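Visitor: build me a model:
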Amino acid sequence: MNRILSGVAAAALSVHALTGCSATANGSDGGDLTVSAAASLTEAFTELADEFEAGHSGTSVKLNFGGSSSLAEQVVSGAPVDVLATASRATMDTVRDEGYSEDAPSFATNSMTIAVPPDNPAAISSLADLARDGVRVAQCAAQVPCGVAAATTLANAGLSVTPVTLDPDVKTVLGRVASGEVDAGLVYVTDIKAAAVDAVAIPSDVAATTEYAITVIDRTDQQTLAREFVKFVLSEAGQKVLRDHGFGAP
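Guide: Residues are numbered from 1 along each chain as shown. Coordinates of the predicted model:
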């Protein structure tokens, strides 16, 4: 089934919020569950949603992926979201007053790497190569967790890099690299596994690490089901799925 909301449908979350529509209405025995998650979680959360549905008869998990800051803004605007998973605890904290009152536990970590096209036309072999004249680099925008991690990584290395594009999420950066539009992109290590690109490693003492957080949104009509989904992500079975996709332990 097509569980991932299209760009139009995802944008409609905010429109529906203005009318006070609810994402779910069927109670704990099943129903629709809308999960907004950072773009870097696309493959892992698609698998998690499949497994969750298999164990919860009558449940349909709808996934809305995007930049964490944009997803947080949707929640603050009143979008009908049941569960929010961000690639940054700082981003999660921005929705505390408007979105949730409980703890938002950490459930995974990730770190930065360099993505290059398979033929690596610019011969990128290290982070320092991104600062060379003529090298086209893509990064996430500054307000997005992957943008914050990229900037921190470059600062850790004492490098000044001027990207040719600042994108809304890590998948957009990957697309530019895969198409050859840029010579390199700063992305998460997990993203390399699912993309037609190669990786150039960044030393662990330089590469920034980001901490993912997840929570149930207070206004959801599916409190029990949403809590069960969060519990599943935090469970050993859920953590195994995340590890299989390259995420680190929280």
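
Visitor: can you tell me the closest non-neighbouring residue to Asp205?
Guide: Leaving aside its sequence neighbours, Asp205 sits nearest to Asn156 (CB to CB, 6 or more residues apart in numbering; 7.7 Å). Just so you know, the C-beta spots here come from the backbone N, C-alpha and C atoms, and that holds for glycine as well.

Visitor: counting neighbours, what do you get for that neighbour?
Guide: Number of residues near Asn156 (other CB atoms under 10 Å) recorded here: 16.

Visitor: i'd like the first residue to be 4 from this point on
Guide: All right, first residue 4 from here; so that's Asn159.

Visitor: I'd assumed Pro206 was in contact with it.
Guide: No - with contacts counted by CB atoms under 8 Å, Asn159 stays clear of Pro206, the gap being 9.1 Å.

Visitor: which residues does Asn113 contact?
Guide: Shown in contact with Asn113 (CB atoms under 8 Å, 6 or more residues apart in numbering): Ser43, Ala90, Tyr191, Val192, Thr193, Thr212, Thr213, Tyr215, Gly249, Phe250, Gly251.

Visitor: repeat that for 7 Å
Guide: The neighbours of Asn113, taking CB atoms under 7 Å, 6 or more residues apart in numbering as the test, are Ser43, Ala90, Tyr191, Val192, Thr193, Thr212, Thr213, Phe250, Gly251.

Visitor: out of these, which comes closest to Asp122?
Guide: Minimum distance to Asp122 across the contacts of Asn113 is 21.0 Å, recorded for Val192 (CB to CB).

Visitor: tell me how far that closest one lies from Ala181.
Guide: Separation of Val192 from Ala181 (CB to CB, to the nearest Å) stands at 16 Å.

Visitor: care to break this protein down by domain?
Guide: Per the record, the chain has its domains at 10-111+214-247, 113-212, by automatic domain parsing.
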